[in-house]
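# 3D model of this:
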Amino acid sequence: MDLFIFDGIKDDPIVNAILEKDNATLLRGIVRFAETEGVTEDSLREYIATLLANDENVLSMLARGQKRIGDDLCRLAMLDIETVFTRLFDTKIKYKPSGNSTGYYVGYTESIRKITSSNTPNELLENLLAHYSSLGNGLLSKYIAFRYDGELKGIENSDKADFDDIVGMEHQKKVLTDNTKAYLEGKFANNVLLFGDRGTGKSTSVKALLNMFAKDGLRVIELPKSAITKIPDLTKQLEDSPHKYILFLDDLTFERHDTEYRALKIAMEGQLQANAGNVLVYATSNRRHLIRETWADRDGGEVHVNDNKQEMLSLAERFGISLFFPAPDSKQYIEIVRVLLERDGIEMTEEIKKEAVRWEMNYGGKSGRCAKQFVADFLH
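Numbers count the residues shown, from 1 in each chain. Coordinates of the predicted model:
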């Protein structure tokens, strides 16, 4: 089977099993695929569709980067697709998967279903090009949330947080959504630092942004502090993706001896290579200036104390937007409890109010998180 553009699929064991009529190898591979990745009942055809959708080739590279695809390349791709359609795509096998969730992004599964249901070679190629241009291919096309520690890993069934989960903080939510919307529209947007008391909705806000804007191409990659030095490698990996990425650094704080904060400064601004147009940094912290400072830092030790202080503060200044998330006072805490109870059809009473106050005194103080924990316990 001669292929010009999609030649990478020729080494696939199931493709070879089809061509060599090795039914035992074919069935073993299709069962494994259908039960772990399958989203249709046409398992063999879907396997070939998935293989094509995730193939790394010059056509997929140009399409996901929104670059021009010449007529000659299209003709060669069509020759390949006609071969695949007649020799692989129309092969039949009877196996109905159990139908368990794959954990993939719904947009990805819908696209795979569409590719699988293609009725002609021309329709198959059109559906593949639409897949590449809107989702890319490979791991980055399958998920909306990721973790990165030097290796990118997809997060199955990511947190379904919503801004309705955060009572109050209306100004903070508006600034975040406005900045993120501008980013997705290709307009100027800022890196964002969300700082303030614990349990006030900082991390939930970033997760809520993902769920609000995933359909518009937003993706979130969570990084531990130890992976900050690898951000340039990661941005290189993301640069031709059709998506926009938020690098999410949660609960970020540095000690003076940490070197990662200098790497973060360089990654955000200051390196010779231009920052990728599809990457922003959103970080949460309990500290406004991110770097732990002691009185000794201010009073002595270094000759040029002010220079040292400016070095420590300059990281926070790389974030064009800094949003403060304050802990609620007693009245606001009770209001959060009231709103959360009201969503479950329960009216606030004086007795419930007393229970809520006792709860926050015993379990971590006044915060939105504490209010949610009280309501969860109360409803049980």
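# so what's the residue count around the residue lying closest to Ala214 once chain neighbours are set aside?
The shortest distance from Ala214 to any non-neighbouring residue, by C-beta to C-beta, 6 or more residues apart in numbering, is to Ile144 (4.5 Å). C-betas here are computed from N, CA, C, even on glycine. Neighbour count of Ile144, defined by other C-beta atoms under 10 Å: 23.
# ditto for Glu342
Every residue meeting other C-beta under 10 Å relative to Glu342 is counted, giving 11.
# equivalent analysis for Lys331, please.
The burial count for Lys331: 8, using other C-beta under 10 Å.
# repeat for the one 3 residues further on
Other residues near Ile334 come to 19 when the count uses other C-beta under 10 Å.
# let me see the contact set for it.
348, 353, 356-357 (C-beta atoms under 8 Å, 6 or more residues apart in numbering).
# please, where are all the strands along the stretch 51-200 of the chain?
Secondary structure of the stretch 51-200 of the chain (DSSP state E, counting those that start in this stretch): strands at 145-148, 152-154, 192-196.
# just checking the distance from the last one to the centre of its chain.
What that stands for is strand 192-196. 19 Å (C-alpha atoms, centre = their mean, to the nearest Å).
# mean confidence score for that strand?
Averaging pLDDT along strand 192-196 gives 92.
# mind exporting that strand as PDB, just the C-alpha atoms?
Output of strand 192-196 as PDB, limited to C-alpha atoms (Å, rounded to 0.1, in the frame of the first residue of the first chain):
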ATOM      1  CA  VAL A 192      -2.800  37.400  35.500                       C
ATOM      2  CA  LEU A 193      -1.900  37.000  39.200                       C
ATOM      3  CA  LEU A 194      -4.800  36.000  41.500                       C
ATOM      4  CA  PHE A 195      -3.700  36.600  45.100                       C
ATOM      5  CA  GLY A 196      -5.400  36.600  48.500                       C
END
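# that older thread, from Lys21, how far out is the residue nearest to Ala214?
40 Å (C-beta to C-beta, to the nearest Å).
# can you give me the angle the helix or strand hosting Val206 makes with strand 192-196?
Val206 belongs to helix 202-213 when assigned by DSSP states H and E. Taking axes from the mean of the first three to the mean of the last three C-alpha atoms, to 10 degrees, one finds helix 202-213 and strand 192-196 inclined to each other by 140 degrees.
# return the distance of helix 202-213 from the chain's centre.
10 Å.
# again, but for stretch 322-341
Relative to the centre of its chain, stretch 322-341 is centred 28 Å away, using C-alpha atoms, centre = their mean.
# mind checking the end-to-end distance for it?
End-to-end distance of stretch 322-341: 31 Å, with C-alpha to C-alpha, to the nearest Å as the criterion.
# what about that stretch, average pLDDT?
Taken as a whole, stretch 322-341 has a mean pLDDT of 88.
# show me what counts as buried in it.
When neighbours are counted by 16 or more other C-beta atoms under 10 Å, the buried residues of stretch 322-341 are found to be 322-323, 325, 327-328, 332-338, 340-341.
# the residue nearest to Ala214: what's it in contact with?
105, 158, 210, 214, 218-220.
# make JSON lines from those and add distance to Phe6, neighbour count and pLDDT to it.
Putting these into JSON lines (distance: C-beta to C-beta, whole Å; neighbours: other C-beta atoms under 10 Å; pLDDT from 0 to 100) gives the following:
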{"residue": "Tyr105", "distance to Phe6": "24", "neighbour count": "21", "pLDDT": "95"}
{"residue": "Ser158", "distance to Phe6": "31", "neighbour count": "19", "pLDDT": "86"}
{"residue": "Leu210", "distance to Phe6": "32", "neighbour count": "20", "pLDDT": "96"}
{"residue": "Ala214", "distance to Phe6": "29", "neighbour count": "19", "pLDDT": "96"}
{"residue": "Leu218", "distance to Phe6": "30", "neighbour count": "20", "pLDDT": "97"}
{"residue": "Arg219", "distance to Phe6": "26", "neighbour count": "21", "pLDDT": "97"}
{"residue": "Val220", "distance to Phe6": "31", "neighbour count": "24", "pLDDT": "97"}
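# in helices, which of the residues you listed fall?
Mapping those onto helices (DSSP state H) picks out Leu210.
# got the domain ranges for the protein?
7-142, 153-325, 330-379 (automatic domain parsing).
# in the chain, what helix or strand scores lowest on average pLDDT?
The weakest-scoring helix or strand in the chain, judged by mean pLDDT, DSSP states H and E, is helix 295-299 (a mean of 50).
# thinking again about what came up before, so which of the strands of the stretch 51-200 of the chain gets nearest Leu73?
strand 152-154 (28.1 Å; C-beta to C-beta).
# how much space separates the residue nearest to Ala214 from Leu218?
Distance of Ile144 to Leu218, given as C-beta to C-beta: 8 Å.
# so Leu247 is in which element?
Assignment of secondary structure by DSSP H and E places Leu247 within strand 244-249.
# which one is Thr25 nearest to, not counting chain neighbours?
Among residues not flanking Thr25 along the chain, Ala17 sits closest, at 4.1 Å (C-beta to C-beta, 6+ apart).
# just say helix, strand or coil for the one you found.
Three-state call for Ala17 (DSSP: H, G, I helix; E, B strand; the rest coil): helix.
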